[in-house]
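Participant: Provide a 3D model corresponding to the input given below.
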Amino acid sequence: MVQMQLRIEMDSASPMLVRIRQNVMDSARVSMRFGASAPYASYVEFGTRRMGARAFILPAYRALIDDLDEAYMGGVMMGNALGRVDRVGSQMEQLAKALCPVRTGFLQSSIYHEVH
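Facilitator: Coordinates of the predicted model:
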């Protein structure tokens, strides 16, 4: 396994390297939460002993995880990781709502994503 370490000396760094360093530091603080807040969401997602699982959160996450990784890495380089991750989070949210097997509206409206 190859390990890489990025070290930028501030006193001798070019303005571009200083910007990249700041982008990396800012992007390290980006986090996203994605799920459903309805009290029974986990029962639908994972099933119970009397009802089979009808997943909608995990399939949406798995379908777009590569896009999320790409958005984050591109955002690190360009300095806009927060916005890029938020766009992919919105796509995950919309896909989960489309996959939601319970059409009552409450479960669908409880699907969310938050990016910090």
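Participant: Next SSE downstream of the one helix or strand residue 58 maps to?
Facilitator: Element membership of residue 58, judged by DSSP states H and E, is helix 57-78. Next along the chain after helix 57-78, taking DSSP H and E as the criterion, comes helix 81-99.
Participant: So which bits of that following helix are buried?
Facilitator: Taking 16 or more other CB atoms under 10 Å as the neighbour-count basis, helix 81-99 is seen to contain the buried residues 81-82, 84-89, 91-93, 95-97, 99. In short, each C-beta sits where N, CA and C put it, glycine included.
Participant: just stretch 108-116 next, same as before
Facilitator: Within stretch 108-116, the residues scored as buried using 16+ other CB under 10 Å are 108, 110-111, 113, 115.
Participant: first vs last residue of that stretch, how far apart are they?
Facilitator: Between the opening and closing residues of stretch 108-116 lies a distance of 22 Å (CA to CA, to the nearest Å).
Participant: now do stretch 102-114
Facilitator: Using CA to CA, the end-to-end distance of stretch 102-114 comes out at 22 Å.
Participant: Okay, buried residues for the helix holding residue 58 please.
Facilitator: In helix 57-78, counting by 16+ other CB under 10 Å, buried: 57, 60-61, 64, 68, 71-72, 75-76.
Participant: Where does pLDDT dip in the protein?
Facilitator: 1-14, 16-18, 20-21, 23-28 (pLDDT under 70).
Participant: try 90 this time
Facilitator: Applying pLDDT under 90 to the chain picks out residues 1-32, 69-83, 102-105, 115-116.
Participant: Correct me if wrong, but residue 49 is in a strand.
Facilitator: No - with the criterion set as DSSP: H, G, I helix; E, B strand; the rest coil, the secondary structure at residue 49 is coil rather than a strand.
Participant: Now do it: how many residues are near it, please.
Facilitator: Other residues near residue 49 number 4, with proximity taken as other CB atoms under 10 Å.
Participant: what distance separates stretch 63-80 from the middle of the whole chain?
Facilitator: Averaging C-alpha coordinates over stretch 63-80 and over its chain gives two centres that are 9 Å apart (CA atoms, centre = their mean, to the nearest Å).
Participant: Can you tell me the closest non-neighbouring residue to residue 34?
Facilitator: With CB to CB, 6 or more residues apart in numbering as the criterion, residue 34 has its nearest non-adjacent residue at 4.5 Å, and that residue is residue 113.
Participant: Many thanks, have a good one.
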